[in-house]
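In: please find the sequence and the predicted model below.
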Amino acid sequence: MTRSVIELEATREDRHVARMAAAAIALSLAEAAIPSPVPGIKPGLANIVVLLVLSRWGFRAAAWVSLLRVVGASLLLGSFLSPGFFLSLGGALTSLAALAATRTLPERWFGPVSHSILAALAHLAGQLAIAWLWLIPHAGILYLVPALAAAALGFGVVNGLAAARLLDRGPETEPAPQPTS
Amino acid sequence: MLRLLRPGDWLTLAIAALLVGASFPLLWSRELADRAVVRSAGRIVAELPLSRDHSMRVAGPLGESVIAVERGRARVVSDPSPRQYCVRQGWLERTGDIAICLPNQVSLELAGRSRRYDSLSY
């Protein structure tokens, strides 16, 4: 039998994505430890990391970080493949779609706060869509929308401000390459 | 803090706040119920208009449940079921509100012109 060696080359971007995903997972775990007064309302601190990566490294890296965060955090929290995992994944996918769209807005006028607000609301919409289509096919779910949307807006603004503040501190110590996508 | 927000961010924030604000009256509005539907063993035994005060007795397998309509609201006054959930639920006011007495198989539901929910499980 011939020994086959598979070598995976980790590029600089790979390592950066891994580092950022690790930071996002850490934030998710820290957040899971904070008791929430209302189930379903979470600050979504990991999204700050996604916003940073989006602005510095482009959409592809941000999508990687976001999805790795969902999978990694769910593995560590023991919710992998549970309904909560799919809600989380659905939210991540719709908020990534929103970020892909908001990236085309003129940067001079729309900063991280806009991205964050729209991504947070898209996240909520994605989660509710999954909850409605799969878990609770019932119009009663609409009753939850105003409170959840208000929370999403509030945390969206806060996370956006945090990301804007971090980006404002000037370039990272490690210079980012040109965004790939 | 304020310089972190670009002009478009204010716009986004304003529009989002407007939409969220509008969702409260839109989705939390109380659609007025106009009648109370009383069921026993799944069959409708009475539809009481909420405009007049009533009191009625409904027979179930365990005994009689007493239902009252008063000032546009309805409630189960007493019921022989052991846990008394439907009695403790108190007054029902919104369309779609429902009190179910088990195992006496009696239910009380408020209905309006359009049925928005057939139950709320929270």
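Out: Yep, that arrived.

In: test my guess that B:G60 contacts B:G42.
Out: No. With contact taken as C-beta atoms under 8 Å, B:G60 and B:G42 are classed as non-touching, separated by 11.3 Å. Backbone N, C-alpha and C define where each C-beta goes, glycine included.

In: okay, and the common contacts of the two?
Out: Counting by C-beta atoms under 8 Å, 6 or more residues apart in numbering or on different chains, the contacts common to B:G60 and B:G42 are B:Q105.

In: sec struct for the closest residue to B:L48 other than its chain neighbours, please.
Out: Using C-beta to C-beta, 6 or more residues apart in numbering or on different chains and skipping residues adjacent in sequence, the residue nearest B:L48 is B:A36, 4.6 Å away. Secondary structure assignment for B:A36 (DSSP: H, G, I helix; E, B strand; the rest coil): strand.

In: list the contacts for B:A36?
Out: The neighbourhood of B:A36, defined by C-beta under 8 Å, 6+ apart, consists of B:47-48, B:50, B:67, B:69, B:74, B:92, B:108-111.

In: do B:W91 as well
Out: The contact partners of B:W91, by C-beta under 8 Å, 6+ apart, come to B:73-75.

In: give me the helices and strands touching the strand or helix carrying A:A162, please.
Out: Here A:A162 is covered by helix A:145-168, with elements defined by DSSP states H and E. Using 3 or more C-beta pairs under 8 Å, 6 or more residues apart in numbering or on different chains; DSSP states H and E, the elements in contact with helix A:145-168 are helix A:46-57, helix A:112-130, helix B:7-28.

In: so for the nearest residue to A:I130 once chain neighbours are set aside, what pLDDT did the model give?
Out: The shortest distance from A:I130 to any residue that is not its chain neighbour, by C-beta to C-beta, 6+ apart, is 4.0 Å, and that residue is A:G90. Here the pLDDT value assigned to A:G90 is 94.

In: thinking again about what came up before, pull out the buried members of the contacts of B:A36.
Out: If you count burial by 16 or more other C-beta atoms under 10 Å in any protein chain shown, the buried members of the contacts of B:A36 come out as B:48, B:50, B:67, B:69, B:74, B:92, B:108-111.

In: columns distance to A:L45, secondary structure and pLDDT on top of the residues you listed, output as TSV?
Out: TSV is the format used below for those (distance: C-beta to C-beta, whole Å; DSSP: H, G, I helix; E, B strand; the rest coil; pLDDT from 0 to 100):
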residue	distance to A:L45	secondary structure	pLDDT
B:L48	52	strand	89
B:L50	48	coil	86
B:I67	50	strand	92
B:V69	50	strand	92
B:A74	46	strand	91
B:L92	41	strand	88
B:L108	45	strand	91
B:E109	43	strand	89
B:L110	42	strand	86
B:A111	44	strand	82
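
In: higher neighbour count, B:G60 and B:G42?
Out: Legend: neighbour count by other C-beta atoms under 10 Å in any protein chain shown for B:G60 and B:G42, higher for B:G60 (19 against 7).

In: list the contacts for A:S95?
Out: So A:S95 contacts A:47, A:66, A:119-120, A:122-123, A:126 (C-beta under 8 Å, 6+ apart).

In: what's the closest of those residues to A:L167?
Out: Sorting the contacts of A:S95 by how near they are to A:L167, with C-beta to C-beta, puts A:N47 at the top with 13.8 Å.

In: downstream of the helix or strand containing A:A61, the next helix or strand is which one?
Out: A:A61 is located in helix A:59-77, with elements delineated by DSSP H and E. Next along the chain after helix A:59-77, taking DSSP H and E as the criterion, comes helix A:83-102.

In: who wins on neighbours among the contacts of A:S95?
Out: So for those (other C-beta under 10 Å), the most neighbours sit at A:A119, 33 neighbours.

In: domain parsing for chain B?
Out: Under the assignment automatic domain parsing, the domains of chain B span B:1-30, B:35-111.
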